[in-house]
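In: Sequence first, then the predicted structure, then my questions.
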Amino acid sequence: MTSFFNSERQLLVAKRQNLSEEDFIAWFNGWEPRLRLKKACMVRQRFRCCYCKKFRDSANCLHWDLEHILCAEIYPQFYDADGNLAIACSRCNNAKTDKDVLDPRVDRPPEVLPSDPAEYTIPHPYLSDWDEHLEHDNYFLYEGRSAQGTNLISVCKLNYRVEEAAGVLEGTIDAAIVSKFFRLLPPASMGLVPEGQAAQIAKAAVVANEEVAIDLQIAKLQPILDRAARREERLAQNVH
Ligand SMILES: [Zn+2]
């Protein structure tokens, strides 16, 4: 199970101990904790939505939703469980709303967060390997490779743009990708790339470009999280 950075976990445990349930939820929903948790998730997920996997080149917390994988309405006991928190784009979050993504056929103790990915009806952001369940064409056209993957497409309406433009052909998508990202191709490839390979090369350039941007974002954010962790360690030492 993936864990938050220690400072996030310590903060949650300390607040849980010191506050009533009501005050804890009010605190959790307050601005500061959400900012901290969102930023920890940004680094953990490398600035990708936990469902559609789309990259967003932004560390602005307003651009990300804090997502409860098992929704808070049905599973309040997992409200602050680190394995149940992720960041999602607001489009996926709004599509998923409070849909239940746990298989109701499995008997389980209600207080334990299920750690077997097979108990979920969608690929779990941390427990499952997304690529085993889905494939995508430039985050535009999604296809399920498993029942969970196909269900995620429906739960988060991942193919909304394709559905809006019903009848769009795969070749049209490839052509759009090539024209949109042609500036990313090495100049030497101008006019030399066989037509069939242009989309492949453009897609690889998009991925390489995203990875550079992700590393830059993490390099900016990590020192802020580290400073917060050190501040808490000092505070904890002063308290004891
Ligand atoms: Zn998304």
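Out: All right, it came through fine.
In: Which strands and helices lie in contact with the longest helix along the chain?
Out: As assigned by DSSP state H, the longest helix anywhere in the chain is helix 195-239. Contact analysis of helix 195-239 by 3 or more Cβ pairs under 8 Å, 6 or more residues apart in numbering; DSSP states H and E lists helix 6-18, helix 31-44, helix 170-181 as its packing neighbours. Where C-beta positions appear, they are placed from N, C-alpha and C, glycine not excepted.
In: Where among the ones you listed is average confidence lowest?
Out: Comparing mean pLDDT over the helices and strands packed on helix 195-239, the weakest stretch is helix 170-181, at a mean of 58.
In: Looking only at stretch 153-160, what residues are buried by neighbour count?
Out: Ile153, Val155, Cys156, Lys157, Leu158 (16 or more other Cβ atoms under 10 Å).
In: measure the second one to Arg9 for me?
Out: In other words, Val155. When distances are taken as Cβ to Cβ, to the nearest Å, Val155 and Arg9 turn out to be 28 Å apart.
In: What separation do you get for Asp23 and Gln17?
Out: Computed with Cβ to Cβ, the distance linking Asp23 and Gln17 is 12 Å.
In: the more surrounded of those two?
Out: Taking neighbours as other Cβ atoms under 10 Å, Asp23 and Gln17 compare with Asp23 leading, 11 against 8.
In: Contacts for the strand or helix carrying the more buried one next, please.
Out: Taking DSSP states H and E as the definition, one finds Asp23 inside helix 21-29. Judged by Cβ atoms under 8 Å, 6 or more residues apart in numbering, the contacts made with helix 21-29 from elsewhere in the structure are Lys15, Arg16, Leu19, Pro33, Arg34, Tyr79, Asp80.
In: Ramachandran coordinates for Glu143?
Out: According to degrees, to the nearest 10, the main-chain angles of Glu143 amount to phi -130, psi 140.
In: Likewise for His68?
Out: For His68, the backbone dihedrals (degrees, to the nearest 10) come out as phi -90, psi 110.
In: what's the answer for Leu102, then?
Out: When quoted as degrees, to the nearest 10, the phi and psi of Leu102 stand at phi -110, psi 140.
In: Contact partners for it?
Out: The contact partners of Leu102, taken as Cβ under 8 Å, 6+ apart, are Leu70, Tyr75, Pro114, Glu119, Tyr120, Thr121.
In: Next, format these as a markdown table and append pLDDT and secondary structure.
Out: Formatted as a markdown table, those follow (pLDDT from 0 to 100; DSSP: H, G, I helix; E, B strand; the rest coil):
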| residue | pLDDT | secondary structure |
| --- | --- | --- |
| Leu70 | 97 | coil |
| Tyr75 | 92 | coil |
| Pro114 | 95 | coil |
| Glu119 | 95 | helix |
| Tyr120 | 96 | strand |
| Thr121 | 96 | coil |
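In: from these, which are also near the ion?
Out: Cross-checking these against the ion (Cβ under 5 Å from the ion) gives no overlapping residues.
In: List buried residues within the residues you listed.
Out: Going by neighbour count (16+ other Cβ under 10 Å), the contacts of Leu102 have Leu70, Tyr75, Pro114, Glu119, Tyr120, Thr121 buried.
In: Need the max-distance pair from these.
Out: Of all pairs drawn from these, the one with the longest distance (Cβ to Cβ) is Tyr75 and Thr121, at 13.9 Å.
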